[in-house]
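Provided below for reference: sequence and predicted model.
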Amino acid sequence: MATFLGINLFALFGQLLVGLINGSFYALLSLGLAIIFGLLKIINFAQGAMYMLGAFLALLGLKYLGLNYWAALIIVPLAVSVFGVLIQRFLIRPIANEDHLYSLLLTFGLALMMQGIFTHLFGSSGQSYATPDALKGGMRLPFMYLPNYRAWIIVVSILVCFSTWWMIEKTKLGVYLRAGTENPQLLQAFGINVPLIVTLTFGFGVALAGLAGVMAAPIYSVSPDMGSNILIIVFAIVVIGGMGSIGGAILTGLGMGLVEGLTKYFYPEASATIIFLVMVIVLMLKPAGLFGKTA
Amino acid sequence: MTFQTKKVSTLITGIVAATMASASLAATDGKVKIGVLADMSGTYADLCGPGCVVATRMAIDDFGGKVLGHDIELVSADSQLKPDIASAIARKWVENEGVDTIGGLVSSAVTGAVTQVTGASKNITLITGSASNAFTTSACSPYIAHWTYNVVALANGTVKQMVESGKTKWFFITADYAFGHALEGVSSKVIKENGGEVVGSVRAPLGTTDFSSYVLQAQASGADVVALANAGNDTVNALNAAAEFGLNESMDIAGLLVFTPNAQAMDPRVAQGMRLTTGFYWDMDDQTRAWSKRFQESYGGIPSMAHAGAYSATMHYLNAVAAVGTDDADAVMAQMKKTKPDDFFARNATLRADGRMVHDMLLVEIKKPSERKTENDIYKIVKVIPGDQAYNPMIESCQF
């Protein structure tokens, strides 16, 4: 086995690749949060629950409607997004002018309720979702066995993340969105329907979580607490990247996956805490986050 | 006095008062009240949560609902898997609400906290969901009856059998808390005693969803067997990752603690052929099937070994209360140890002086998808392990 300075390079590369896969999930979820916070100033604690909802809808769709994985990849994010739009329209909009704390509490409560309802209906044990046939098997790389499905996750996640970033930073729609956050009254005066933009943005943000849920279903067991497990990490990532920074959320998500991978190689016991340690250090040195603009 | 010191002194007063109160004796009021403290909504809710309440209720109903001339009362609460919450509830129950006996109890950390309270207040504790062998060794008490299983029985079942069949090199993926450490420790001992070796281990935090990096480490270790010293969703997730990375093609996987709901959640194509040790299987014979059918009617799912254990322990306790004619904990416990538990769950069973309920354990194998007749048809019984071969011997300081 190849070694360098006493380090088993094959094992290290393996861990880094696994870290990149996890980072892809982090990026997808933190991107949704960053969009919702950056453009709408809503701290959406229900993002984890939307991820869980996505995974469950994929599972139930397969079980009861015969909806296969590929159809679920399109339909489930749309369904989650419709759910998100209804929540934004009827629950969040009425308190939109209040302090951020109100929407935080509202979405947190919502997440707890959703988790409770799913536990009641489906129990706390995870359920399994079969990997689609086309993505079964794997490639034997020199340093590890890479399952095809994991490779697929990296590709999809990077595509989705960067096209979203491009859409928000480089297109006319993105300009409207950003203008709507900076000065909603002025934008409205130009004849743009700002409340509609806000609602649709929220819908898009949660759809990303729904998509992550579908992609996670075949590799993690589908369970009601899957969202709350990952949510805190994702929040830490958004804070490290800089609250609201779209590009920051993507890069930090991928980067933290790699950092976690390194930790799992050198000192596995710390792998659950390393992200929070990074968060503390970043907040001390750069309170606005790595890519955040200082207020 | 500043605000801070005032707060601290109030706190200390509170602690002292609480400690003094817990030194008071258990209620011997002639009314039997049983509290089921379990995980109602967390990771272990399917193993011993609402199901343990249902099973305890069934035992009370089957007993006739009355003992010593009064109705038997049942209360239940959610431990939330948090030791501090569990011990607060236990204290409230035994001190203020006249609860005689606490049952259920899943997660060794929670159970450890509760047995400290009930040991001091002299209330019987019927442990039916926890795994640690500490409750009859280092943390033993005259008021504990540990039902169902423990880590030693799991290791003596699954691990010993596999080492003897020539699988000598082991790697552990261990849940990083008291239970996982205990299970790994006990299993390692069994491996070494039987001529095997442990080539490595890695500790994963409770609630890990992605086990792929641990699986990679296991793969690089060159072991014959990768042992999953964890429980619940952790086991299911670890097994799925193992299958995804092709671990099961080159190595055997041993699930050291698997409850039936977990076995059902596993992808059968991945889990097939895996051997594990359990204290109970619903489809063992007519007796277990009859009970399980009744349980399923009120609960919805098939029973786990903790559910069946909760019924058996409650029944044995109520029989003892009726036999001695009092709810005095010392008298009841003496009677429980004197008579042998005997029902659909407890086979060739005895409650030892140290509080360990020793009974026959089952070594089972997870069925192939093609062998399953229904969705509940998951295990094939390989071997019945006699209780005295499964459980740890008594230690001197714990013989009450």
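Cool, got the structure.

please name the nearest non-neighbouring residue to residue A:57.
Spatially, and ignoring its direct neighbours in sequence, residue A:57 is nearest to residue A:76 (4.6 Å; C-beta to C-beta, 6 or more residues apart in numbering or on different chains). Yep, even glycine has a C-beta here, placed from its N, CA and C like the rest.

restrict the one helix or strand the one you found maps to to CA atoms and write it as PDB.
Assigned by DSSP states H and E, residue A:76 belongs to helix A:69-87. C-alpha atoms of helix A:69-87 as PDB (Å, rounded to 0.1, in the frame of the first residue of the first chain):
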ATOM      1  CA  TYR A  69     -36.600   6.800  -8.400                       C
ATOM      2  CA  TRP A  70     -36.200   8.900 -11.500                       C
ATOM      3  CA  ALA A  71     -39.800  10.200 -11.400                       C
ATOM      4  CA  ALA A  72     -39.400  10.900  -7.700                       C
ATOM      5  CA  LEU A  73     -36.400  13.000  -8.400                       C
ATOM      6  CA  ILE A  74     -38.700  15.400 -10.300                       C
ATOM      7  CA  ILE A  75     -42.100  15.000  -8.700                       C
ATOM      8  CA  VAL A  76     -41.000  14.900  -5.000                       C
ATOM      9  CA  PRO A  77     -39.100  18.200  -4.900                       C
ATOM     10  CA  LEU A  78     -42.200  19.800  -6.700                       C
ATOM     11  CA  ALA A  79     -44.500  18.300  -4.000                       C
ATOM     12  CA  VAL A  80     -42.300  19.500  -1.200                       C
ATOM     13  CA  SER A  81     -42.100  22.900  -2.800                       C
ATOM     14  CA  VAL A  82     -45.900  23.100  -3.000                       C
ATOM     15  CA  PHE A  83     -46.100  22.300   0.700                       C
ATOM     16  CA  GLY A  84     -43.400  24.900   1.400                       C
ATOM     17  CA  VAL A  85     -45.300  27.500  -0.600                       C
ATOM     18  CA  LEU A  86     -48.500  26.800   1.400                       C
ATOM     19  CA  ILE A  87     -46.600  27.200   4.600                       C
END
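
packing partners for that helix?
If contacts are counted by 3 or more C-beta pairs under 8 Å, 6 or more residues apart in numbering or on different chains; DSSP states H and E, helix A:69-87 sits against helix A:47-60, helix A:194-216.

hey, least reliable of those helices by pLDDT?
Among those, helix A:194-216 carries the lowest mean pLDDT, at a mean of 91.

got the buried residues for that one?
By 16 or more other C-beta atoms under 10 Å in any protein chain shown, the buried positions in helix A:194-216 come out as A:194, A:197-216.

adding distance to residue A:224, write the helices and strands packed on helix A:69-87 out as CSV.
Listed next are those as CSV, based on distance: least, C-beta to C-beta, whole Å:
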stretch, distance to residue A:224
helix A:47-60, 6
helix A:194-216, 12
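
out of these, which is closest to residue A:141?
With respect to residue A:141, and counting by C-beta to C-beta, the nearest of those is helix A:194-216 at 21.3 Å.

give me the next element, helix or strand, following the closest one.
Helix A:194-216 is succeeded, C-terminally, by helix A:226-241 (DSSP H and E).

same question for that following helix, mean pLDDT?
Per-region confidence: helix A:226-241 scores 89 on mean pLDDT.

ditto for stretch A:79-87
Here the average pLDDT along stretch A:79-87 is 94.

show me which residues of the stretch 251-400 of chain B sit near chain A.
Contacts of the stretch 251-400 of chain B with chain A, taken as C-beta under 8 Å from any C-beta of the partner chain, map to B:261, B:262, B:264, B:265, B:266, B:267, B:301.
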